[in-house]
Structure formats: structure tokens, C-alpha cells
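Asker: Test case, fold it:
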Amino acid sequence: MAALNKKYRTALVTGVSSGLGRGLTEMLLAEGIRVWGTARRTEAIAPFVSTGFELVVLDLEDTAGARAAVRRAEAVAGGVFDLVILNAGHGLFAPFAAAEWRGWELQLQALIVTNAGLAHQLTPAMVARRRGCLVVVTGPSGEFQTGLTVAQSALSGLALSLMDELTSFGVRVMEFRCDWMHTDFLKHMPAARLTVPEVDDERMKLEWARLRRNVETASGPGKSIGKLRQALEKSTASGVLNAGPGAWRRFGRGLLVWMGVRSGKKTRGSI
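Answerer: Numbers count the residues shown, from 1 in each chain. Coordinates of the predicted model:
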């Protein structure tokens with residue numbers, strides 16, 4: 001198994017303080033790749049065992065500040081990142097109409113505007129060099145998570161659009177579709193962004209319990225990281241990389257297709 005540093009020498013990974021982002025960073029560092037990882041706070045980052053990590057402090061809700069911080073990191077990295085993984089985000093659990101609009105606005109700003117802005121900022125250097133890889137991470141959402149649901153659709157659209165546009169210039173684009181993972185995402189969700197279900201709101205209580213169950217009973221991010229690592233090593237094609245769902249969920253979706261409830265159309269360009 002060839003080391004990934006034969007293809008990629010530098011990488012930018014957003015959201016590396018925990019969960020999938022931290023696991024991806026550990027994998028890349030172990031492969032001998034220099035990683036610039038982003039987080040909102042310096043104290044949120046525990047030391048990495050492997051060397052080659054540079055912290056980039058930024059807040060995705062501040063698009064201009066995030067772009068400036070990444071621009072400085074890109075200059076230090078030699079003017080271009082070989083690999084960019086857009087992974088960072090945050091959750092907001094609340095009834096859409098009852099919650100303050102500012103909360104949804106900040107979430108959409110962070111997940112859609114800033115991520116798209118970073119892709120817009122980082123890909124021209126890849127195009128000029130006719131090489132590089134952009135990975136856009138998407139994942140599941142549910143009821144009372146309207147902002148996340150909208151953002152995931154937008155990020156998927158961003159990735160699919162850039163696949164068509166950038167592949168001819170030698171730039172690889174992947175949408176990395178993840179299923180539920182056992183991480184500390186809910187544990188570290190800022191309290192100001194979380195509306196805890198009220199006792200008298202049975203629907204919210206049930207949905208919050210389901211969300212916690214999905215996260216707490218899922219496997220860790222290790223398998224998903226392994227799938228991405230394998231795709232980065234063995235393939236050069238753009239496309240959609242599915243890190244889930246599991247066998248039973250695939251069976252359930254297949255049953256819905258057979259019943260005519262879901263479309264049976266295959267995902268374009270699956271890896």
C-alpha cells in the first residue's frame with residue numbers, strides 16, 4: 001500500500017478538533033502529509049502524535065476572516081494545497097419557524113457561504129497547476145435540523161457542479177457522503193446553538209432521542225476514513241464516495257425503490 005504522500009504533500013482539513021476531522025488529520029499525518037487544520041479555538045485542539053500539523057484558527061461564521069486565515073496558510077504551504085477536505089460544520093436543533101432566524105442564518109453562512117468561498121479561493125491554484133483534490137464532506141440530518149438539511153443539499157450541489165467543471169483541468173473533486181458516526185459532535189455542540197426539547201413537546205423529545213441514538217449506536221469514523229484513504233490512493237476519478245449506509249439501510253432504501261416510494265436512479269459518478 002503506497003503512502004499518500006506520493007500524491008499529496010500538503011493538505012487543508014477544516015474542523016479538526018474532534019470526530020471525523022480529527023481522524024482524517026491523524027490519518028494524513030501518519031501518511032507523511034503536512035496538514036493545516038482549522039478550529040474555532042486554539043484550546044480545542046489536543047496535540048497530535050505525528051509531526052507536521054499546523055493549526056489555523058478561524059470561525060466559519062466569519063467568511064471574510066476564514067478566507068483571510070486560509071489565504072495565509074496557503075502562502076506558507078507554498079501557494080497551493082494538494083488536498084483540501086471541507087469537513088467543518090455545526091448543528092442547530094430547533095423548530096424552524098419558532099427559532100430565531102439569526103441562528104439559521106449563521107448556520108447557512110458557515111456551512112454554505114464560507115465553504116463555497118473557500119472552494120472558490122483554493123481551486124484556482126489547483127487549476128493553474130493542473131492537479132489537486134477537493135473533498136466536500138456531506139452527511140445525514142433529520143427533523144428539526146432544517147439548516148443542516150438545506151446546507152447538505154447545497155454542499156452536494158457544489159461538489160457535483162465542480163466535478164463537471166474542474167475535472168477537465170486536472171483537478172479531482174469528490175463528494176464524501178457519510179452516514180451517522182459515533183463521535184462527540186453532540187457533546188461539543190455549543191449550547192447557544194442547541195435548543196433542548198421542552199418536556200411538553202413530545203415530537204421534539206422523540207426526535208432528539210432518535211438523533212442521540214443514531215449517533216451513539218453508530219460505529220466510529222474509522223471505516224469511513226479508511227474508505228476515503230483507499231479512494232485517494234487507488235483512484236484519480238472525480239465522483240461521489242459513499243461511506244454508508246450500512247447493509248440494512250441499503251436494503252430498506254432498495255425496498256422503498258421497489259415500492260415506488262424512492263427513485264431508483266443511481267448517483268452520478270459514484271466511486
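
Asker: and Arg203, how far is that from Glu216?
Answerer: Distance from Arg203 to Glu216, counting by Cβ to Cβ, to the nearest Å: 20 Å. From N, CA and C alone the C-beta is placed, and that goes for glycine too.

Asker: so where's the chain uncertain?
Answerer: 1, 185-200, 245-270 (pLDDT under 70).

Asker: and with 80 instead?
Answerer: For the chain, applying pLDDT under 80 flags the ranges 1-2, 44, 184-201, 244-271.

Asker: Run through the strands of this structure in chain order.
Answerer: Secondary structure of the chain (DSSP state E): strands located at 10-13, 34-39, 53-57, 83-86, 133-138, 172-177, 239-242.

Asker: can I get the ones you listed in TSV with distance to Leu155?
Answerer: Listed next are those as TSV, based on distance: least, Cβ to Cβ, whole Å:
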stretch	distance to Leu155
strand 10-13	16
strand 34-39	16
strand 53-57	20
strand 83-86	8
strand 133-138	5
strand 172-177	8
strand 239-242	12
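
Asker: mind putting the ones you listed in CSV, distance to Pro95 and mean neighbour count included?
Answerer: Formatted as CSV, the strands of the chain follow (distance: least, Cβ to Cβ, whole Å; neighbours: other Cβ atoms under 10 Å):
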stretch, distance to Pro95, mean neighbour count
strand 10-13, 33, 26
strand 34-39, 30, 24
strand 53-57, 33, 17
strand 83-86, 28, 26
strand 133-138, 24, 24
strand 172-177, 27, 25
strand 239-242, 31, 20
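
Asker: among these, which is nearest Asn115?
Answerer: strand 83-86 (5.0 Å; Cβ to Cβ).

Asker: Which residue, other than its chain neighbours, is closest to Gly132?
Answerer: Nearest residue to Gly132, sequence neighbours excluded (Cβ to Cβ, 6 or more residues apart in numbering): Met126, at 3.2 Å.

Asker: so that neighbour makes contact with Glu165?
Answerer: No: applying Cβ atoms under 8 Å, one finds Met126 not in contact with Glu165, separated by 12.0 Å.

Asker: need the helices for the stretch 51-200 of the chain, in chain order.
Answerer: Per DSSP state H, counting those that start in this stretch, the stretch 51-200 of the chain carries helices over the ranges 63-76, 101-108, 115-129, 146-166.

Asker: buried stuff in the last one?
Answerer: This points to helix 146-166. Residues of helix 146-166 classed as buried: 146-148, 150-152, 154-156, 158-160, 162-163, 166 (neighbour count, 16 or more other Cβ atoms under 10 Å).

Asker: what's around Gly103, how many residues?
Answerer: Neighbours of Gly103 under the rule other Cβ atoms under 10 Å: 16.

Asker: now it: how far from Ser161?
Answerer: 27 Å.

Asker: Counting neighbours, what do you get for Ile45?
Answerer: With other Cβ under 10 Å as criterion, Ile45 counts 18.

Asker: Confirm for me that it is in contact with Ser18.
Answerer: No: Ile45 is beyond contact range of Ser18, at 9.3 Å (criterion: Cβ under 8 Å).

Asker: so what's Ala151 closest to, chain neighbours aside?
Answerer: Leu111 (3.7 Å).

Asker: unless I'm mixing things up, the one you found is touching Gln145, no?
Answerer: No: applying Cβ under 8 Å as the test, Leu111 and Gln145 come out as separate, 11.5 Å apart.

Asker: The two: which has the busier surroundings?
Answerer: The neighbour count for Leu111 versus Gln145, taken as other Cβ under 10 Å, is higher for Leu111 (23 against 20).

Asker: tell me the contacts of that one?
Answerer: Shown in contact with Leu111 (Cβ atoms under 8 Å, 6 or more residues apart in numbering): Leu60, Gly89, His90, Gly147, Leu148, Ala151, Ala154, Leu155.

Asker: and the fourth one, what does it touch?
Answerer: What it means is Gly147. Leu92, Gly103, Trp104, Gln107, Leu108, Leu111.
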